[in-house]
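model the following, please.
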Amino acid sequence: MKIKPLSDHILIEPIKEEEKTKTGILLPETAEKERPEQGRVVAVGPGKKNKKGEHLPLDLKPGQKILFTKYGPNEIKINGKEYLIAREEDILAIIE
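Predicted coordinates:
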């Protein structure tokens, strides 16, 4: 299945970091964890329309690593894999 975001929406693949305690114990996937705040852009929409009906393109491109608000994006599953869909305003920074 191919997903093309609309308007100023961005499809994000979350980057889940391994959780380690201070003593070096790895926490399993089933452990209660915080929602990720970093991800990789998979696809971007054409951008919002201005008053003239022209699209204002987004500053993001597929493949970029980004930092986003923790609870802004919506969770979705595509072919059993978890993704997030966020609006441009939920993106805080591009990680270089």
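
CA-only coordinates of stretch 72-80 in PDB, if you can.
C-alpha atoms of stretch 72-80 as PDB (Å, rounded to 0.1, in the frame of the first residue of the first chain):
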ATOM      1  CA  GLY A  72       1.000  15.800  18.400                       C
ATOM      2  CA  PRO A  73       1.200  13.100  15.700                       C
ATOM      3  CA  ASN A  74      -1.500  10.400  15.200                       C
ATOM      4  CA  GLU A  75      -0.500   6.700  15.200                       C
ATOM      5  CA  ILE A  76      -1.400   4.500  12.200                       C
ATOM      6  CA  LYS A  77      -0.500   1.000  11.000                       C
ATOM      7  CA  ILE A  78       0.300   0.200   7.400                       C
ATOM      8  CA  ASN A  79       1.000  -3.400   6.600                       C
ATOM      9  CA  GLY A  80       1.600  -4.200  10.300                       C
END
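
give the helix, strand or coil label for the closest residue in space to Gly45 that isn't next to it in sequence.
Spatial nearest neighbour of Gly45, excluding adjacent residues (CB to CB, 6 or more residues apart in numbering): Pro5 at 3.9 Å. Where you see a C-beta, it was placed from the backbone N, CA and C, and this is true even at glycine. Counting by DSSP: H, G, I helix; E, B strand; the rest coil, the backbone at Pro5 sits in coil.

do I have it right that Pro5 meets Val44?
Yes - look at Pro5 against Val44 with CB atoms under 8 Å: they come within range, at 6.2 Å.

which of these two has more neighbours?
Neighbour totals were compared for Pro5 and Val44, and Val44 leads with 21 against 18 (other CB atoms under 10 Å).
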